[in-house]
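Student: model the following, please.
(2 chains)
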Protein chains: 2
Amino acid sequence: MPRALEGIFSARGCAIVGASSNPLKAGCQIVANMKAAGYDKGIFPINPSGGEILGLKTYASVAEIAEPVELVVLAAPAASTPAILADLGRRMAEKKDLAFLVCSAAGFAEVGTAEGIGYQEALASFCSSNDIRLVGPNCVGVIDPVSRIDTTFIAGIAHVPGGISLASQSGSVGAWFLMNWSSTAAGGVGFRRFITVGNMADVTIIEGIRNLADDPATKVLGLYIEGSPQARELVEAAGMAARKKPVAALKVGASEEGARAAKSHTGSLAGSDALYEGSFEQLGIARAASPRELSNILRSFDSMPLPKGPRTFVLTQAGGPGIFCMDQMAGVGNLATAYVSDETKAALVKCTPPISSICHPEGHADITAAATAAQHADSLEAVLRDGGVDSVIFITVATLFLDLEEMARNLAGRMRALKSEGISKPVFFIILSGNTVQPCRDILEREGYLTWDSPEYAVRVLSHMTARAEFEARLAREGGDR
Amino acid sequence: MPRALEGIFSARGCAIVGASSNPLKAGCQIVANMKAAGYDKGIFPINPSGGEILGLKTYASVAEIAEPVELVVLAAPAASTPAILADLGRRMAEKKDLAFLVCSAAGFAEVGTAEGIGYQEALASFCSSNDIRLVGPNCVGVIDPVSRIDTTFIAGIAHVPGGISLASQSGSVGAWFLMNWSSTAAGGVGFRRFITVGNMADVTIIEGIRNLADDPATKVLGLYIEGSPQARELVEAAGMAARKKPVAALKVGASEEGARAAKSHTGSLAGSDALYEGSFEQLGIARAASPRELSNILRSFDSMPLPKGPRTFVLTQAGGPGIFCMDQMAGVGNLATAYVSDETKAALVKCTPPISSICHPEGHADITAAATAAQHADSLEAVLRDGGVDSVIFITVATLFLDLEEMARNLAGRMRALKSEGISKPVFFIILSGNTVQPCRDILEREGYLTWDSPEYAVRVLSHMTARAEFEARLAREGGDR
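Tutor: Next comes the predicted model:
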């Protein structure tokens, strides 16, 4: 049995081969990221030129480091693989402490040349014969803000601990997420672990999934999948994870052209898309249609309760966007109209402008552009208090009559008050439009409420959340893990 | 024959009934918007309290204004309709100059009450018996930055002349667009005309479409449609427009629930969605899946040349997003792989990092995260010079190695240089991700190049542009209008 991937998160001592003091080099940013993450078990930049890198003493080789080194990150060109392996071989002959190797460099098997394939084989062979686990090559490795490790060279990451984990075959897709997440109003989206596997010469996406499935701090799991020779095993691992926590996957390479591109990207066989598609649904895995949707799903599952059922109320201050939203809801197929009680209807009539359209049709109230900030909050409260409502899609468009920031504070306060009474349902705050609404959205986001710039994304995520709620109910009936 | 809607854009003298000095009232913002648009034919705020509004003298009634008044905007509550009509009746008895009435207020037939229906009938009857055209009620009227008119109460609009026109049954959907467009880096998206028709008591969306179809300054036409009792006539009007210029439509009320909401929004019968769907395709009208897509289509048609054909090259610096993009391209169905020549392949190999993947598969080059700003521009130029390429999707992800702003300047310069040689093809610049890439995107946008934050939107728009190119070729073969 090879050692478990889990150990990488507590590895003592990290050597960075190809470390650099040039801030435009990966070998500099990796040092910076390890420091920024707060890694305190020894960072050892390897650079034969000597001197310091970001205030840290450099070493000419891994072999010469006196302290323990359990993790090595390789940021040197693929062509230097033989020299690096010689150094690592000396280390193992003397100290025997290396346990994990993350290879950030590209130019290995994915390029398809004899050299590239040869370098990858040499790396993998060295690792397997020394009981070292190899992550990559052609990946950005791992991040864990709690374990305080970040082997990536992605700049500007906010290392905020949270519940979302991501296992990705692509470094850039992971970077895409983290760069978006790091620039939110709330100072960054919290995440738990981030594992990229690149060419999967040893550690596979399957092992990444299993690690995160077993990790109790991972509340929701996202997957970016290009393909695997063990497609069925991959799907089963994701399915096992989905019995424990929400899992959402973006599977690319669905088309013939995309599959060929995947082959030359990480050397992955995309495999039959039909296998993934059919299995995902059966196993309770949310299939994301795009990176944006995957990000939306993860953030929503992480920050909102699941709806108790499919009954959705559309509370809108703008007619057109409300109609578009109802079309979108009909399109996803698993959402239902929330029929509210006569008492709720009376309450809505009372707390909204006279020209409002209340429950014509059912499940929909247009409180019109005349609605005040207080009327927005009052009508949301009325709808949330109704036992026939499982979730709410709330839409408002900036008008000059409406103090959007006051509205945001009202809404956040009302949500908190209702929660303290035990009323907690998913609410999708769609705030239109342009730069002018950003301060309003920022207020809600800082209070922990997601906001949206168009209804279609919210509707699709709500559909996934509703499907998850049904899946968990089925698991419970069957006496599943959860 | 009632007078043509076109006259509204040159109406001499505009009275604003319900004008207010309270900046939170529509009646204040309409005065502000007319001033901001530069309307110089006389703005007459009507407010019985007297005094000035935004520096303009107020009047107690429309009847008492000595100057010509061809346009009246109503921003007073529906219940004041009888009093307003008495005033307008006096004006017509004495001066006979009123020609257009825009009713911004809501609370008419759309609320479904006897009063609301009665007020709307009184308005419509007064107008028809006095040869006055009525726009609305329950609309925000019209904007035309060149004619310098803006009857809306949407705050913060950049009145930048351009080629895009919009005819919308919803004011808020129009506002959604304009608020987004007004907050671009380039200081606002230029537009030609904006016509909202609300309850369509007289001027219909059909008339709006015909006006914009006949307007030579409208380069591309966008429609937001909830429905019409004359659905076939509407579709035919859009089809006639599409023979003259690109037309894109967002039709809502496709679902039963959405149709019922449309009924209570602007009193529109959504009509059979199948009629719209089938006709749109046949008549060469791009059907937008969402407001965002409609906005994307309009901006793209306005700012980019049409592709000569379907052959699309994906030039990416990031593997994962490139694969996702190729899947999306396969999904839209009318895009094809661009096979480049051996010379182009050699040029690409020469100008990109050694580990790049050039045309494996065909139509795709991954220049990898190692690519410099210059290599981005060089590879784009190589691809654009190839006669087998009709369009390019360009994807890059922020890395620390890449000076994104330098890249943006390089790209814009190269595009300009190629254009001066007569090489002009649509290029979709997808720049990932987060806030850090905004300065790069701003540089390109200020130079007139659209940028995107995910491939799926670009692919869908390119599909619409390719379909339009095919439609125009068909029209040309058939000896059509264009």
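
Student: pretty sure residue A:174 sits against residue A:196.
Tutor: Yes: between residue A:174 and residue A:196 there is a contact under CB atoms under 8 Å: 5.2 Å. C-beta here means a position set from N, CA and C on the backbone, and glycine is covered the same way.

Student: strands of the stretch 251-400 of chain A, start to end?
Tutor: A:286-287, A:311-316, A:336-337, A:357-358, A:364-366, A:391-397 (DSSP state E, counting those that start in this stretch).

Student: can I get those strands in a markdown table including distance to chain B and mean pLDDT?
Tutor: Shown next, in a markdown table, are the strands of the stretch 251-400 of chain A (distance: least, CB to the nearest CB, whole Å; pLDDT from 0 to 100):
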| stretch | distance to chain B | mean pLDDT |
| --- | --- | --- |
| strand A:286-287 | 13 | 96 |
| strand A:311-316 | 8 | 98 |
| strand A:336-337 | 7 | 96 |
| strand A:357-358 | 4 | 94 |
| strand A:364-366 | 5 | 96 |
| strand A:391-397 | 5 | 97 |
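
Student: for residue A:44, helix, strand, or coil?
Tutor: Following DSSP: H, G, I helix; E, B strand; the rest coil, residue A:44 is assigned to strand.

Student: show me what the lowest-mean-pLDDT helix or strand in chain A is packed against.
Tutor: Using mean pLDDT, DSSP states H and E, helix A:256-266 stands out as the lowest-scoring helix or strand of chain A, at a mean of 78. On a contact count with 3 or more CB pairs under 8 Å, 6 or more residues apart in numbering or on different chains; DSSP states H and E, helix A:256-266 meets helix B:319-332, strand B:364-366.

Student: name the residues of the stretch 201-350 of chain A found near chain B, please.
Tutor: Residues of the stretch 201-350 of chain A found near chain B (CB under 8 Å from any CB of the partner chain) are A:224, A:226, A:250, A:252-258, A:260-266, A:289-292, A:314, A:318-324, A:326-327, A:329-331, A:337.

Student: how does it look with 6 Å?
Tutor: A:252-255, A:257-258, A:260-262, A:264-265, A:290, A:292, A:318-320, A:322-324, A:326-327, A:330 (CB under 6 Å from any CB of the partner chain).

Student: state the number of residues packed around residue A:129.
Tutor: 10 (other CB atoms under 10 Å in any protein chain shown).

Student: go on, residue A:452?
Tutor: Residues near residue A:452, counting by other CB under 10 Å, number 21.

Student: do residue A:353 as well
Tutor: Residues near residue A:353, counting by other CB under 10 Å: 15.

Student: quick one, what contacts it?
Tutor: Residue A:353 makes contacts with A:368, A:370, A:371, as judged by CB atoms under 6 Å, 6 or more residues apart in numbering or on different chains.

Student: with adjacent residues omitted, what lies nearest to the residue of the stretch 101-250 of chain A found nearest chain B?
Tutor: Proximity to chain B, evaluated over the stretch 101-250 of chain A using CB to the nearest CB, is greatest for residue A:170 at 2.9 Å. Nearest residue to residue A:170 in three dimensions, chain neighbours excluded: residue B:320, at 2.9 Å (CB to CB, 6 or more residues apart in numbering or on different chains).

Student: for residue B:463, see how far away the one you found is.
Tutor: According to CB to CB, to the nearest Å, residue B:320 and residue B:463 sit 22 Å apart.

Student: who's more crowded, the two?
Tutor: Counted by other CB under 10 Å, residue B:320 and residue B:463 do not tie: residue B:320 has more neighbours, with 30 against 21.

Student: check contacts around that one.
Tutor: Shown in contact with residue B:320 (CB under 6 Å, 6+ apart): A:170, A:172, A:173.

Student: the closest residue to the second one other than its chain neighbours: neighbour count?
Tutor: Right, residue A:172. Leaving aside its sequence neighbours, residue A:172 sits nearest to residue B:318 (CB to CB, 6+ apart; 3.6 Å). The number of residues packed near residue B:318 is 29, by other CB under 10 Å.

Student: state the pLDDT value of residue B:318.
Tutor: For residue B:318, the pLDDT comes out at 91.

Student: what of residue A:180?
Tutor: Reported pLDDT for residue A:180: 92.

Student: contacts only, for it.
Tutor: Residue A:180 neighbours (CB under 6 Å, 6+ apart): B:433, B:434.

Student: tell me the phi and psi of it?
Tutor: phi -70, psi -50 (degrees, to the nearest 10).

Student: how much space separates it from residue B:199?
Tutor: Using CB to CB, we find residue A:180 at a distance of 41 Å from residue B:199.

Student: residue A:138: which element?
Tutor: Secondary structure from DSSP states H and E places residue A:138 outside every helix and strand.

Student: is it true that it touches residue A:106?
Tutor: Yes: taking CB atoms under 6 Å as the definition, residue A:138 is a contact partner of residue A:106 at 4.5 Å.

Student: compare neighbour counts for those two and give me the winner.
Tutor: Each of residue A:138 and residue A:106 has its neighbours counted (other CB under 10 Å); residue A:138 has more, 31 against 26.

Student: what sits against that one?
Tutor: For residue A:138, the contacting residues are A:106, A:108, A:110, A:198, A:199, by CB under 6 Å, 6+ apart.

Student: about what we covered before: nearest to residue A:422, of the contacts of residue B:320?
Tutor: Minimum distance to residue A:422 across these is 38.8 Å, recorded for residue A:173 (CB to CB).
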